[in-house]
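> Dropping the sequence and predicted coords here.
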Amino acid sequence: MTTPLLKVENLRIELTTRDGVAPVIDDLSFELGQNENISFVGESGCGKSMTALAIMGLLPEKIGRIAGGSILFDGEDLTKALPARLRAIRGNEISMIFQEPMTSLNPVYTVGEQIAEVIREHQGLGRKAAWDMAADLLDAVRIPNARGRVSDYPFQMSGGQRQRVMIAMALACQPKILIADEPTTALDVTVQAQIFDLLRDLRKDTGTSIIMITHDMGAVAEMAERMIVMYAGRGAEIGPVDQIIEHARHPYTKGLISCVPHIVSHLTEDRARLTEVPGIVPGLKDFGKNMCLFASRCNHRTEECLSARPPMKPFENGQIAACWHAEDV
Amino acid sequence: MADTPNTPLLTVDKLGVRFAVKRGGGWGKRAYLYAVDDVSFTVNRGETLAIVGESGSGKTTAALAIARLTAAYTGSVKLDGQELLELEGEELRQARNKVQFIFQDPYSSLNPRQRAEDIVREPLVSLTDKSGAEQQQIIDQLFAEVGLRPEQKRLFPHQFSGGQRQRIGIARALATQPQLIICDEPVSALDVAVQAQILNLLRDLQAEFGLTYLFISHDLGVVQHMCDSIAVMYMGRIVEHADRLSLFNNPLHPYTKALLSAVPSVDKKRRAETNRILIPGDPPDPVNLPPGCRFANRCPAATDVCRQSEPPLTDHGGHHRVACHLVNDSKTAAI
């Protein structure tokens, strides 16, 4: 890999809550290459979406702020960029699709107007040209009869179609990075397969890099080359997807993989008990403590885990895990 | 409860639920949406039947009709020999404690102004004649069974995590010692790590009390783990019904095949073997259904027969029921 397209270094994001300031992202570093697909995995409240919002410059105003580190996009540090510059990048060079296709479209505008707005804003095209391009984009995301549907309102479309509209909007300016935050969680599995298929093809055709946020290991295995497992605002494990699924080095990753009943190639009578990860993700007030935040749920726990935060340990095969006992997992 | 395994506890026969809709129909004619249409199946004692299907396929509506929480317009539902659909008044109240529900969303299915123990007490008060002391004893026991601590009894729902709330929902469902528990997407609102805790609990309780579950889910991985047999629904009808191994290892209906192939998997071998069947388009309008098979417009194998007549659900050996004209056809076997 040559210079990465996106390089996040020692990112720290602080959120101001009633109980004080908490680091929702605590010293996170990762890279995204050209035409690469990476996935963020973890339970809710681990900082996956927060990372995406930080890259987009969309942290909740007055509550969230970048307190340290850098986000280098094509060599430019986004943490230092002015709002106007971020506005030019957002939706143009980096764009995002959200989890809820039902609520992220504006119900009082036609889908064509909403897609055309992006094109007019960033590419300076006229009304007519932008509208035509919107219709082409709907066609590209495989909405049947795109010319006819472009003047539909969101309520006239199914969930899968609305998510396609979101994708069309995100791809309108051929972004270098597409961030997909749980793009298929609200959709049925056959529709999910259609959307994944579409994303794969678009990536092949346009060379866009994709960051996908999900909690579904199966989806990660299908879609991504590398994964970043997040826990309580920190990176728990980073590495190539197949290797991590084969042999996870962090107990949390291992738990995430084995706690889900998977469909395998040939089912047998044998049904093993699911591995439980006891307890839940810690609350914000515990974030940032100098210890392993997973310790309370971990069966590898020792004194060491409670007394100091584990560093990211690199392994020869490219896996990196933040666990004092990574070698033994 | 006389526990004889492999005897049917629940027998559903030609169940139909329809809703009147405004549009269409013309003057004086009402248009109906047939949410559940000609659905028949049995569930054996101590076993779990899963109903799978996509949103809008009618799985929840069928379950609600079985529990008498929505009205069926035709068909029969027999629980332990008793016809549930004809019950009224006091008899219906008596029967309600035999069928209990675990709901999908543990955030909205618990009354935020009731304490945990009162939520669990509710069915005991309204459906049984137990004394206060008896109720308290049952509640204490249930809290232990579902893994909640005794001191948590006095807390309100907002003081619990999602997984713990679902445990309260389970305790409430168990309170009247029902014969049948309907689990409607019991884990889909929970984080994956918490899902495992709840699924293990449901299986433990089933082993301990010999419970019978009707398990509704769209997550085929979860279904595979929890069930003895599976019914696949599409547009209000059962398209395939078989035991767990037959359905997952030898699916016969093109829709089931597409559904299974669409599930992303961590299993490298399965990914290599699976030929993903993408079914294009969307389901047809449920109010103006096409004359033939409801899946025909998306089916990769559909022929003229499929577009003209609706295939019946027939047994293809070993209680493997399929509703497809082409089930023995080489063309469908190839997909």
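Noted; the coordinates are in hand.
> For the helix or strand harbouring residue B:61, report the contacting residues that lie outside it.
Per DSSP states H and E: residue B:61 is located in helix B:59-66. Applying C-beta atoms under 8 Å, 6 or more residues apart in numbering or on different chains, the external contacts of helix B:59-66 come out as B:10, B:12, B:15, B:17, B:35-36, B:39, B:51-53, B:70-72, B:77, B:84, B:99, B:101, B:182, B:184, B:214, B:216, B:233. Backbone N, C-alpha and C define where each C-beta goes, glycine included.
> Likewise for stretch B:162-174?
Contacts of stretch B:162-174 (C-beta under 8 Å, 6+ apart): A:280, B:100-103, B:106-107, B:109-110, B:116, B:119-120, B:122-123, B:139, B:142-143, B:145-148, B:152, B:157, B:160, B:181, B:186-187, B:189-191, B:194, B:197-198, B:201-202, B:205, B:209.
> Buried only: go through the residues you listed for me.
Buried members of the contacts of stretch B:162-174, counted by 16 or more other C-beta atoms under 10 Å in any protein chain shown: A:280, B:100-103, B:106, B:109-110, B:116, B:119-120, B:123, B:139, B:142-143, B:145-148, B:152, B:157, B:160, B:181, B:186-187, B:189-191, B:194, B:197-198, B:201-202, B:205.
> from those residues, which ones fall inside strands?
B:100, B:101, B:102, B:181 (DSSP state E).
> of the residues you listed, closest to chain A?
Relative to chain A, the closest of these is residue B:102; by C-beta to the nearest C-beta it sits at 17.7 Å.
> per-residue confidence at that closest one?
For residue B:102, the pLDDT comes out at 95.
> Now for the residue lying closest to residue A:154 once chain neighbours are set aside: which residues touch it?
Nearest residue to residue A:154, sequence neighbours excluded (C-beta to C-beta, 6 or more residues apart in numbering or on different chains): residue A:105, at 4.2 Å. By C-beta under 8 Å, 6+ apart, the contact set of residue A:105 is A:111, A:114, A:154, A:162, A:165, A:166.
> For the one helix or strand residue A:11 maps to, which residues meet the burial criterion?
Assessed by DSSP H and E, residue A:11 sits inside strand A:6-17. Neighbour counts over strand A:6-17 (16+ other C-beta under 10 Å) mark A:6, A:7, A:8, A:9, A:11, A:12, A:13, A:14, A:15 as buried.
> can you redo the residues you listed as TSV with pLDDT and distance to residue A:275?
Below are the buried residues of strand A:6-17 laid out as TSV (pLDDT from 0 to 100; distance: C-beta to C-beta, whole Å):
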residue	pLDDT	distance to residue A:275
A:6	97	34
A:7	97	35
A:8	96	31
A:9	96	34
A:11	96	31
A:12	96	32
A:13	96	31
A:14	94	34
A:15	92	31
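> which other residues reach stretch A:79-94?
Residues outside stretch A:79-94 that contact it (C-beta under 8 Å, 6+ apart) are A:55-58, A:66, A:69-71, A:73-74, A:78, A:118, A:121-122, A:170, A:172-173, A:175-179.
> of the contacts of residue A:105, closest to residue A:327?
Closest approach to residue A:327 among those (C-beta to C-beta): residue A:166, at 43.0 Å.
> same for the top helix by length along chain B, what does it pack against?
Secondary structure of chain B per DSSP state H: the longest helix is helix B:192-209. The elements that helix B:192-209 packs onto, with contact taken as 3 or more C-beta pairs under 8 Å, 6 or more residues apart in numbering or on different chains; DSSP states H and E, are helix A:251-258, helix B:162-174, helix B:220-226.
> And the average pLDDT for the second one is what?
By that I understand helix B:162-174. Per-residue scores along helix B:162-174 average to 95.
> Now that helix: buried residues?
Applying a neighbour-count criterion of 16+ other C-beta under 10 Å, one finds B:162-174 buried in helix B:162-174.
> Measure how that helix sits relative to helix B:192-209, angle-wise.
Using axes from the mean of the first three to the mean of the last three C-alpha atoms, to 10 degrees, the direction of helix B:162-174 lies 20 degrees away from that of helix B:192-209.
> Confirm that residue A:274 sits in a helix.
No - when DSSP: H, G, I helix; E, B strand; the rest coil is applied, residue A:274 is found to be coil, with no helix at that position.
> can you redo the helices and strands packed on helix B:192-209 as a markdown table with distance to residue A:37?
Below are the helices and strands packed on helix B:192-209 laid out as a markdown table (distance: least, C-beta to C-beta, whole Å):
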| stretch | distance to residue A:37 |
| --- | --- |
| helix A:251-258 | 18 |
| helix B:162-174 | 30 |
| helix B:220-226 | 22 |
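> Compare these and give me the one nearest residue A:31.
Among the helices and strands packed on helix B:192-209, the nearest to residue A:31 by C-beta to C-beta is helix A:251-258 (19.0 Å).
> neighbouring contacts of the closest one?
Applying C-beta under 8 Å, 6+ apart, the contact partners of helix A:251-258 are A:41-43, A:217, A:229, A:231, A:236-237, A:244-245, A:248, A:274-275, A:277, A:294, A:297-300, A:321, A:323, A:325, A:329, B:192-193, B:266.
> Now, of the residues you listed, which are buried?
With neighbours counted using 16+ other C-beta under 10 Å, the contacts of helix A:251-258 contain these buried positions: A:41-43, A:217, A:229, A:231, A:236-237, A:244-245, A:248, A:274, A:277, A:294, A:297-298, A:300, A:321, A:323, A:325, A:329, B:192-193, B:266.
> how about residue 117, what does it touch?
Picking chain A for this. Going by C-beta under 8 Å, 6+ apart, residue A:117 touches residue A:130.
> oops, I was thinking of chain B
Residue B:117 neighbours (C-beta under 8 Å, 6+ apart): B:139, B:143, B:153, B:154.
> Can you tell me which of the residues you listed is nearest chain A?
Lowest distance from chain A to the contacts of residue B:117 (C-beta to the nearest C-beta) belongs to residue B:143, with 18.0 Å.
> What residues does the closest one make contact with?
Going by C-beta under 8 Å, 6+ apart, residue B:143 touches B:116, B:117, B:120, B:149, B:150, B:152, B:153, B:171.
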